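Novice: Turn this into a structure:
(chains A and B)
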Protein chains: 2
Amino acid sequence: MGNSIVQYIFKDISFSKKEINFIESKLKKLKLEKGTTILKAGDEVNSQYYVYNGCLRTFFIDKSGKEHTLQFAINDWWISDYTAFFTVSEAKMHIETIQEATLYKISKKGMEELFEKIPQLETFFRKKMERAFASFQNRILASLAQSAKERYVSFISTYPNIEQTVKNYHIASYLGITTESLSRIRKEISNN
Amino acid sequence: MGNSIVQYIFKDISFSKKEINFIESKLKKLKLEKGTTILKAGDEVNSQYYVYNGCLRTFFIDKSGKEHTLQFAINDWWISDYTAFFTVSEAKMHIETIQEATLYKISKKGMEELFEKIPQLETFFRKKMERAFASFQNRILASLAQSAKERYVSFISTYPNIEQTVKNYHIASYLGITTESLSRIRKEISNN
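Specialist: As a prediction, the model looks like this:
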């Protein structure tokens, strides 16, 4: 079972064969086409998703109908509306595939059962959460302290090679700027 | 030991007397005057702090010397530069008391020892982290989708009664606006 998806996802943990089977029984593989909505605002959020490949986008639609991108997820990331997932409330966010994607879905209940039997998994998810928290902290600081150009540069380094995949208005809505400003920034950078 | 600070901090967990003593041995009580810096940028971050009473502020100083407030912490909150704390890197943030405060300090090493002996504490901190993560997510969404006035209203509801304690420029630097804009928003609200 050395090639199990379980060992691929939870790289640094060694499991017994029995544990691998148990974890596998909690994971549901999904192969999705580009443009598939896996979560929409108002949904109950019972699951999170591991991105095996492809690219997804979490976004919020405001009262005026404008989209704001909270996050992109590429291979080896986890994605959900975590606020709703953790606080057992309705989703505020939408999540869609912006590329064909293979995901592994795990339910909240499934996770709790895993934590009970395999405490290392609780540690694994705690550490994931810590890193995600750190990246959100950096994003808040950036929104307070950095120029749009600086935020674009750090976007590029967080998501290398993503620009071929996502639309300009996705990137602009992640940076909180217009697509015109995004073009101007790109031109400025390529002229340097 | 029903009145132990341990039972106060970790409200929903029942501990044996031995466990309480063990946890107490990892907590260091600090009584600090207003204006005390407990962390500054560049420091190694080995601890987090439980706020028993008082008020603290986490802020970032940008290249131009401008302060940006990431967070306030009031009673029953935890505070640290979590990015540095989790990723074992240097602090980017400063933390200061903006009111006389009583804190309980716990080191990273102390926490790991606690997690090993009392796994419920790992669950406790995971859940704290999940809620903090959710609040950061909401803050990012607010910075993308809300007006300064809406952000001010949600600030007031997150930190009720904090306005008497903190300076206007702290609040403005949390909202990412000038103190003049803050005054204008307050006037607008009181005229409604």
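
Novice: Contact residues of chain A facing chain B?
Specialist: Of all the residues in chain A, those in contact range of chain B (Cβ under 8 Å from any Cβ of the partner chain) are A:60, A:62, A:66, A:68, A:70, A:82-83, A:86-87, A:92, A:115, A:119, A:122-123, A:125-127, A:129-134, A:136-141, A:143-146, A:173, A:176. Where you see a C-beta, it was placed from the backbone N, CA and C, and this is true even at glycine.

Novice: Okay, and which of those map to helices?
Specialist: The helices, defined by DSSP state H, take in A:82-83, A:86-87, A:115, A:119, A:122-123, A:125-127, A:129-134, A:136-141, A:143-145, A:173 from these.

Novice: Show the buried residues in the residues of chain A next to chain B.
Specialist: Neighbour-count burial (16 or more other Cβ atoms under 10 Å in any protein chain shown) applied to the residues of chain A next to chain B gives A:60, A:68, A:70, A:82-83, A:86, A:92, A:115, A:122-123, A:125-126, A:129-130, A:132-134, A:136-137, A:139-141, A:143-146, A:173, A:176.

Novice: Would you confirm that residue A:102 contacts residue A:31?
Specialist: Yes: shown here, residue A:102 and residue A:31 form a contact pair, counting by Cβ atoms under 8 Å, at 5.4 Å.

Novice: Quick check: which ranges of chain A have low pLDDT?
Specialist: For chain A, applying pLDDT under 70 flags the ranges A:1-2.

Novice: can you map out the strands along it?
Specialist: Using DSSP state E, the strands of chain A run over A:27-32, A:37-39, A:47-53, A:56-61, A:67-73, A:78-79, A:94-97, A:101-107.

Novice: contacts for the shortest one?
Specialist: Which is strand A:78-79. A:48-51, A:56, A:58, A:71, A:73, A:95, A:128, A:132 (Cβ atoms under 8 Å, 6 or more residues apart in numbering or on different chains).

Novice: for the residues you listed, which one is nearest chain B?
Specialist: Closest approach between those and chain B, by Cβ to the nearest Cβ: residue A:132, at 6.4 Å.

Novice: picking that back up, ok, the contacts of strand A:78-79 vs residue B:35, which is closest?
Specialist: Closest approach to residue B:35 among the contacts of strand A:78-79 (Cβ to Cβ): residue A:132, at 33.1 Å.

Novice: for the closest residue to that closest one other than its chain neighbours, what are its contacts?
Specialist: The spatially closest residue to residue A:132, leaving aside those adjacent along the chain, is residue B:133, at 6.4 Å (Cβ to Cβ, 6 or more residues apart in numbering or on different chains). The neighbours of residue B:133, taking Cβ under 8 Å, 6+ apart as the test, are A:82-83, A:86, A:129, A:132-133, A:136.

Novice: at 10 Å what do you get?
Specialist: Applying Cβ atoms under 10 Å, 6 or more residues apart in numbering or on different chains, we find residue B:133 in contact with A:82-83, A:85-86, A:129-130, A:132-133, A:136-137, B:82.

Novice: And stretch A:72-89, what's buried?
Specialist: Neighbour-count burial for stretch A:72-89 [16+ other Cβ under 10 Å]: A:72-74, A:77-86.

Novice: Residue A:183 and residue A:172 touch, don't they?
Specialist: Yes: with contacts counted by Cβ atoms under 10 Å, residue A:183 reaches residue A:172, the gap being 9.1 Å.

Novice: What distance do you get for residue A:102 to residue A:76?
Specialist: 12 Å (Cβ to Cβ, to the nearest Å).

Novice: ditto for residue A:101
Specialist: With Cβ to Cβ as the criterion, residue A:101 and residue A:76 are 13 Å apart.

Novice: For those two, list the residues in contact with both.
Specialist: A:51-53.

Novice: Now for residue A:33, how many residues are close by?
Specialist: Around residue A:33 there are 10 other residues, counting by other Cβ atoms under 10 Å in any protein chain shown.

Novice: and it, what is it in contact with?
Specialist: A:54, A:97, A:99-101.

Novice: Most neighbours among those residues, please name it.
Specialist: residue A:101 leads the contacts of residue A:33 on contacts (other Cβ under 10 Å) with 25 neighbours.

Novice: tell me the contacts of that residue?
Specialist: Counting by Cβ under 10 Å, 6+ apart, residue A:101 makes contact with A:30-34, A:36, A:38, A:49, A:51-56, A:73-75, A:79.

Novice: same question, residue A:134
Specialist: Neighbouring residues of residue A:134 by Cβ under 10 Å, 6+ apart: B:81-87, B:89, B:136.

Novice: Who are the contact partners of the residue nearest to it when sequence neighbours are not counted?
Specialist: For residue A:134, ignoring the flanking residues on the chain, the nearest one in space by Cβ to Cβ, 6+ apart is residue B:83 at 3.8 Å. The contact partners of residue B:83, by Cβ under 10 Å, 6+ apart, come to A:130-131, A:133-138, A:141, B:45, B:70, B:89-93.

Novice: Report the two of these separated the most.
Specialist: For those, the maximum inter-member distance is 19.1 Å, found between A:136 and B:90 (Cβ to Cβ).

Novice: re earlier: just send the shared contacts of residue A:101 and residue A:76 back as TSV, with neighbour count and distance to residue B:8 too.
Specialist: Compiled in TSV, the shared contacts of residue A:101 and residue A:76 are given as follows (neighbours: other Cβ atoms under 10 Å in any protein chain shown; distance: Cβ to Cβ, whole Å):
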residue	neighbour count	distance to residue B:8
A:51	20	41
A:52	17	44
A:53	13	48
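
Novice: quick check, nearest of the residues you listed to residue B:13?
Specialist: residue A:51 (34.3 Å).

Novice: With that, I have no additional questions.
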